[in-house]
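Chemist: One predicted model, sequence on top.
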Amino acid sequence: MKDTKVNAAILIIGNEILSGRTQDTNTSTLATWLNSIGVKVKEVRVIPDIEKTIVDTLNVLRKENDYVFTTGGIGPTHDDITAESVSKAFGLKYEIHKEGYKILESYYKPGEFNEGRQKMIWMPENAELILNPTSGAPGFSVENVFCLPGVPSIMKSMLGGITNKIVGGEPILSKTISLKTVESEIANSLTKVQDNNKDVEIGSYPFFHAGKLGVSIVLRSENQSKIDECNIQILKFVNEKKIEVVER
């Protein structure tokens, strides 16, 4: 049977993420948004601002996934090379986007739209703009690749504009059960529940919260009734083992 699930890869581009100077919050923002519209994130990669690395990685990811989302490297400075690298990955001309030029020209005061800022509207030929309600400079898409800025607040503000361009499956639902226990105590019981519920993805994650050590079990599926059924089976063994359920 063909897997009809819609999947995506996230490609975080930037030396500042790899060096630890900047914390990556874009992955969780993008993954949460994609899950909500029924797109499963298959993998995330973080790579440096090196043209060959961007081109090679992009060419692998865009063939293996329904969608690829890149963040970073589309600003005005010399190390912002994402747009040019995407052009090379697709074998497209790298040129000024006429519509993008008009948008930024009207955004800046006369004389402020300098050469550095004009760099932000050099894009692959015939790229579609992703409008930016926060700071003017647009992102862009080519085929199944969507290129967004690295600044988290700006990136987040642009997602609404592309929701209708993404064809997802059913939104992925989740439920969390937090227990005052350790993973080894529930591992066998949890494996049995997973074996009986192939359509539900079950994950267990240790936590330390307010002085309490515990395990959160996260159930994920497109079908609420399957999550509910799984939840019943888990609570059954939890009660039998007299494990305390905790609010987090």
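Modeler: Alright, I've got the coordinates.
Chemist: Give me the residues contacting the longest helix along the chain.
Modeler: For the chain, the helix with the greatest residue count under DSSP state H is helix 224-240. For helix 224-240, the external contacting residues (CB atoms under 8 Å, 6 or more residues apart in numbering) are 173-175, 177, 179, 186, 189-190, 193, 196-197, 199-200, 202, 217, 219-221, 245. Any C-beta I mention is one placed from the backbone N, CA and C, and that applies to glycine too.
Chemist: Does Thr29 fall in a helix, a strand, or a coil region?
Modeler: Assigned state for Thr29: helix (three-state reduction, DSSP: H, G, I helix; E, B strand; the rest coil).
Chemist: what's the closest non-adjacent residue to it?
Modeler: Leaving aside its chain neighbours, Thr29 sits nearest to Lys156 (5.4 Å; criterion: CB to CB, 6 or more residues apart in numbering).
Chemist: Count residues in the vicinity of that neighbour, would you?
Modeler: As a burial measure, Lys156 scores 16 neighbours (other CB atoms under 10 Å).
Chemist: ok but it is inside a strand, no?
Modeler: No - going by three-state DSSP, the assignment for Lys156 is helix, not a strand.
Chemist: Please enumerate the strands of this protein.
Modeler: Under the criterion DSSP state E, the chain contains strands at 6-13, 39-47, 67-71, 94-96, 122-124, 128-130, 139-142, 145-148, 173-180, 201-209, 212-221, 244-245.
Chemist: Single out the most deeply packed of the ones you listed.
Modeler: Neighbour counts (mean count of other CB atoms under 10 Å) averaged over each of the strands of the chain peak at strand 67-71, with a mean of 27.
Chemist: So the residue nearest to Thr29 versus Val246, what's the distance?
Modeler: Distance of Lys156 to Val246, given as CB to CB, to the nearest Å: 31 Å.
Chemist: Gly139 now?
Modeler: 42 Å.
Chemist: Next: Asp79.
Modeler: For Asp79, the distance to Val246 equals 46 Å [CB to CB].
Chemist: between those two, which one's more packed in?
Modeler: When Asp79 and Val246 are compared for neighbours, Val246 comes out ahead with 17 against 14, by other CB under 10 Å.
Chemist: can I assume Asp79 is in contact with Gly73?
Modeler: Yes - with contact defined as CB atoms under 8 Å, Asp79 reaches Gly73; the gap is 7.4 Å.
Chemist: Could you please give me the overlap between the contact lists of the two?
Modeler: Taking CB under 8 Å, 6+ apart as the contact rule, Asp79 and Gly73 both touch Asp49.
Chemist: Can you give me the domain assignment for this protein?
Modeler: Annotated domains of the chain cover 6-165, 173-245 [automatic domain parsing].
Chemist: need those domains in a markdown table with mean pLDDT, can you?
Modeler: Shown next, in a markdown table, are the domains of the chain (pLDDT from 0 to 100):
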| stretch | mean pLDDT |
| --- | --- |
| domain 6-165 | 95 |
| domain 173-245 | 93 |
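Chemist: Quick check: the residue lying closest to Asp199 once chain neighbours are set aside vs Glu240, distance?
Modeler: With CB to CB, 6+ apart as the criterion, Asp199 has its nearest non-adjacent residue at 5.2 Å, and that residue is Lys226. As defined by CB to CB, Lys226 lies at a distance of 22 Å from Glu240.
Chemist: more crowded one of those two?
Modeler: Lys226 (16 against 9).
Chemist: Sounds good, over and out.
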